[in-house]
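Visitor: no FASTA, just this:
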């Protein structure tokens, strides 16, 4: 799910599809709304979607992304897709596979508008469907079964736009209103095909029609005001086909038309209209679009307007100035391109991710949080002949940036000067410099609560530099059990009791403060026949949650957890969590890279 789905145990475990890239040469632009480059991730039928022809996107109150397609409804949690289609052996099932629109009512039921079979109201708790169509009895029939759009407004009412006109449903009263001359004589009723209904920040209802312009609903009069766009030289005759409406943060409105282009307008007391800007395929720069058909509209955090068309995505920047800029993104094989030009729907979920629904190209995902990455070259790496491998980096107590470099051990990097100082030239690390041949690289750093600096290495265990004396001690460099001097340190973590936990390729070590500034060291390893021992010896992640549970991730041994309290005595007993194929809510891989906790749950990054 896109926002806090129920998962493992009393916590919720989520796979984070992320990758660390630290490039040491050149510059990589990952993608940004304000820049000119984007990176899109694609999802299609090969990813589990039921179709590549997507028509509408909606995020429900639980955080799931619902996708209307021409081959069923898809519920997407960011990783896995659940498909809903008619089950003719069941009562109260879906009656169509072709859907155009999605809305959610105050009860949490989802309303799906079909292309020809009315409305399917889906109860997520009972997994049952109620059909509303032209034949629904008791005064609840709608004017047409061809649904263009659905909206649940701030009052909880459902506005139904269809090929035959406009309906309004009051769920609390069980009452259906049909806006027609026969049902409402003497009123100004939106007539013909109704394309779209929009509620602005003032609670006003705006209705886009096919050929009759814009209608604005007056609650007090229970009537509409019809407003037509002024036809000016160079404009298409189709400007009155209003199919999309958007109010921007400045309080201006954007009207997308079908073959009439895109208008930025000002509504004067909801009685008249003033055109501020007009964008069209026939307009000259900077007002040129790739198409006059507008499928979708969206405003991003920078205030830019995204317009989905049959010929790509148009992003209108700086439109509040006299010189707007239109950036066109079209389909292609590059990650900076979209999968298909037809953008039917644009949605930004509550985590900030922007999703594009295409016709023929499936789903596109864009993360505005990805920023340009500046890469820094370290000449010392090149001259040493080592690979450009950065194993770790850390901000020391004096605010200097420490970097673990393969072959060079570690050093200090001065960003302002683009300068790297190896540890051999730093008095603080003289002891480490003496062992440089055996160390290879600093793999992790930790500054404990007493300001002592802990440094894990690739081949020579652990170093601790005292904050009081500046002296350096070496631990865990020799394995008495195997007689080898190779112990790689992968992670260092300090718990709330000032115990420092060190994860290595040969088990987990607990450093406990003792009298006189010394430390007791306890080791945890897998023990055959002991179900309370660790499930793996290669420790890759350590984390203590807000309830004093200590989580231990391994490479190959999955996930371990134990209760961590001041009164605990060695050895602690661990509970294990392993992958269980096809069982919902279980861990998906036995390889765990990192663990963290958000405000509501435990999150884990793992492979798989």
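Guide: Structure received. In this text, all values refer to a predicted model and were calculated from it rather than measured experimentally.
Visitor: what's the burial count for the closest residue in space to residue 404 that isn't next to it in sequence?
Guide: Once flanking residues are discounted, residue 404 sits nearest to residue 442: 3.2 Å by C-beta to C-beta, 6 or more residues apart in numbering. (Glycine included, C-beta is placed from N, CA and C.) Other residues lying near residue 442 total 28 when counted by other C-beta atoms under 10 Å.
Visitor: right, and residue 442 touches residue 410 too?
Guide: Yes: if you go by C-beta atoms under 8 Å, residue 442 and residue 410 touch, sitting 3.8 Å apart.
Visitor: what's the distance between the residue nearest to residue 234 when sequence neighbours are not counted and residue 308?
Guide: Nearest residue to residue 234, sequence neighbours excluded (C-beta to C-beta, 6+ apart): residue 282, at 6.8 Å. Counting by C-beta to C-beta, to the nearest Å, the separation of residue 282 from residue 308 is 19 Å.
Visitor: Check residue 463 too.
Guide: Between residue 463 and residue 308 the computed distance is 56 Å (C-beta to C-beta).
Visitor: Tell me which residues touch residue 247, please.
Guide: 198, 200, 201, 253, 254 (C-beta atoms under 8 Å, 6 or more residues apart in numbering).
Visitor: Can you select the buried ones from those residues in ChimeraX?
Guide: Selection of buried members from the contacts of residue 247 for ChimeraX, criterion 16 or more other C-beta atoms under 10 Å:
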select :198,200,253,254
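Visitor: Most widely separated two among the contacts of residue 247?
Guide: 201 and 254 (14.0 Å; C-beta to C-beta).
Visitor: Next up, the contacts around residue 75.
Guide: Contacts of residue 75 (C-beta under 8 Å, 6+ apart): 64, 65, 66, 67, 81, 82, 83, 84.
Visitor: Spatially nearest residue to it, not counting backbone neighbours?
Guide: Computed as C-beta to C-beta, 6+ apart, the closest residue to residue 75 that is not its neighbour in sequence is residue 82, at 4.4 Å.
Visitor: And what about the one you found, helix, strand or coil?
Guide: What DSSP: H, G, I helix; E, B strand; the rest coil gives for residue 82 is strand.
Visitor: gap between it and residue 124?
Guide: Residue 82 is 11 Å from residue 124, where distance means C-beta to C-beta.
Visitor: Please apply the same query to residue 221.
Guide: Going from residue 221 to residue 124 by C-beta to C-beta gives 37 Å.
Visitor: Any stretches of the protein with poor pLDDT?
Guide: The model of the chain has pLDDT under 70 over residues 1-37, 371-388, 480-486, 566-567, 581-582, 599-608.
Visitor: In it, which residue is most central in space?
Guide: residue 353 (4.2 Å; C-alpha atoms, centre = their mean).
Visitor: List the buried residues in stretch 347-367.
Guide: For stretch 347-367, burial by neighbour count (16+ other C-beta under 10 Å) applies to 347-349, 353-359, 361-367.
Visitor: Isn't residue 441 up against residue 391?
Guide: Yes: if you go by C-beta under 8 Å, residue 441 and residue 391 touch, sitting 4.4 Å apart.
Visitor: Need the overlap of contacts for these two.
Guide: Joint contacts of residue 441 and residue 391 (C-beta under 8 Å, 6+ apart) are 404, 405, 406, 458.
Visitor: Can you redo those as a markdown table, where the extra columns are distance to residue 585 and secondary structure?
Guide: Output for these, formatted as a markdown table (distance: C-beta to C-beta, whole Å; DSSP: H, G, I helix; E, B strand; the rest coil):
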| residue | distance to residue 585 | secondary structure |
| --- | --- | --- |
| 404 | 37 | strand |
| 405 | 41 | strand |
| 406 | 39 | coil |
| 458 | 37 | coil |
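Visitor: chain center to stretch 304-321, what's the gap?
Guide: Centroid separation between stretch 304-321 and its chain, computed with C-alpha atoms, centre = their mean, to the nearest Å, is 22 Å.
Visitor: of residue 82 and residue 124, who's got more company?
Guide: Higher neighbour count among residue 82 and residue 124: residue 124, with 16 against 13, using other C-beta under 10 Å.
Visitor: how much space between that one and residue 61?
Guide: Distance from residue 124 to residue 61, counting by C-beta to C-beta: 10 Å.
Visitor: The shared contacts of residue 441 and residue 391: which two are farthest apart?
Guide: Taking C-beta to C-beta as the measure, the shared contacts of residue 441 and residue 391 span a maximum distance of 10.7 Å, between 405 and 458.
Visitor: Any idea how many residues pack against residue 261?
Guide: 26.
Visitor: Report the contact partners of it.
Guide: Residue 261 neighbours (C-beta under 8 Å, 6+ apart): 235, 236, 239, 278, 279, 280, 281, 283, 289, 292, 294.
Visitor: just to confirm, which helix or strand has the fourth one in it?
Guide: For residue 278, the element it lies in under DSSP states H and E is strand 272-279.
Visitor: Which other helices and strands does that strand contact?
Guide: Counting contacts by 3 or more C-beta pairs under 8 Å, 6 or more residues apart in numbering; DSSP states H and E, strand 272-279 is packed against strand 262-268.
Visitor: Which residues in stretch 190-210 does the neighbour count mark as buried?
Guide: Judged by neighbour count (16+ other C-beta under 10 Å), stretch 190-210 contains these buried residues: 190-191, 193-200, 205-210.
Visitor: Inside helices: which ones of those?
Guide: The helices, defined by DSSP state H, take in nothing from the buried residues of stretch 190-210.
Visitor: what's the closest of those residues to residue 553?
Guide: Closest approach between those and residue 553, by C-beta to C-beta: residue 199, at 46.4 Å.
Visitor: Might one say that that closest one is in contact with residue 153?
Guide: Yes: Residue 199 lies in contact with residue 153 (C-beta under 8 Å); the separation is 4.9 Å.
Visitor: Overlap in contacts, those two.
Guide: Common contacts of residue 199 and residue 153 (C-beta under 8 Å, 6+ apart): residue 205.
Visitor: now the nearest residue to residue 101 once chain neighbours are set aside, what's its secondary structure?
Guide: Of all residues not flanking residue 101 in the chain, residue 113 sits nearest, at 3.8 Å (C-beta to C-beta, 6+ apart). Secondary structure assignment for residue 113 (three-state DSSP): strand.
Visitor: Residue 113 and residue 257, how far apart?
Guide: To residue 257, residue 113 is 21 Å away according to C-beta to C-beta.
Visitor: How about residue 154?
Guide: Relative to residue 257, residue 154 is positioned 26 Å away (C-beta to C-beta).
Visitor: Those two: which is more packed in?
Guide: Neighbours of residue 154 and residue 257, each counted by other C-beta under 10 Å, are more numerous for residue 257; the result is 26 against 9.
Visitor: and that one, what are its bridge partners?
Guide: Beta bridges link residue 257 to residue 242, judged by DSSP bridges.
Visitor: Verify the stated contact: it with residue 295.
Guide: No: in this structure residue 257 lies outside contact range of residue 295 using C-beta under 8 Å: 11.1 Å.
Visitor: Between those two, which contacts overlap?
Guide: Shared contacts of residue 257 and residue 295, counting by C-beta under 8 Å, 6+ apart, come down to residue 243.
Visitor: Of all the residues in stretch 80-88, which ones are buried?
Guide: Within stretch 80-88, the residues that count as buried by 16+ other C-beta under 10 Å are 81, 83, 84.
Visitor: I'd like those laid out as CSV, including distance to residue 246.
Guide: CSV is the format used below for the buried residues of stretch 80-88 (distance: C-beta to C-beta, whole Å):
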residue, distance to residue 246
81, 28
83, 30
84, 29
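Visitor: Which of the residues you listed sits closest to residue 522?
Guide: Distance to residue 522 across those (C-beta to C-beta) is lowest for residue 81, with 45.8 Å.
Visitor: Could you report the neighbour count for the residue nearest to that closest one when sequence neighbours are not counted?
Guide: Nearest non-adjacent residue to residue 81, counting by C-beta to C-beta, 6+ apart: residue 48, 3.9 Å away. Other residues lying near residue 48 total 14 when counted by other C-beta under 10 Å.
Visitor: do you know how far residue 48 is from residue 584?
Guide: Going from residue 48 to residue 584 by C-beta to C-beta gives 15 Å.
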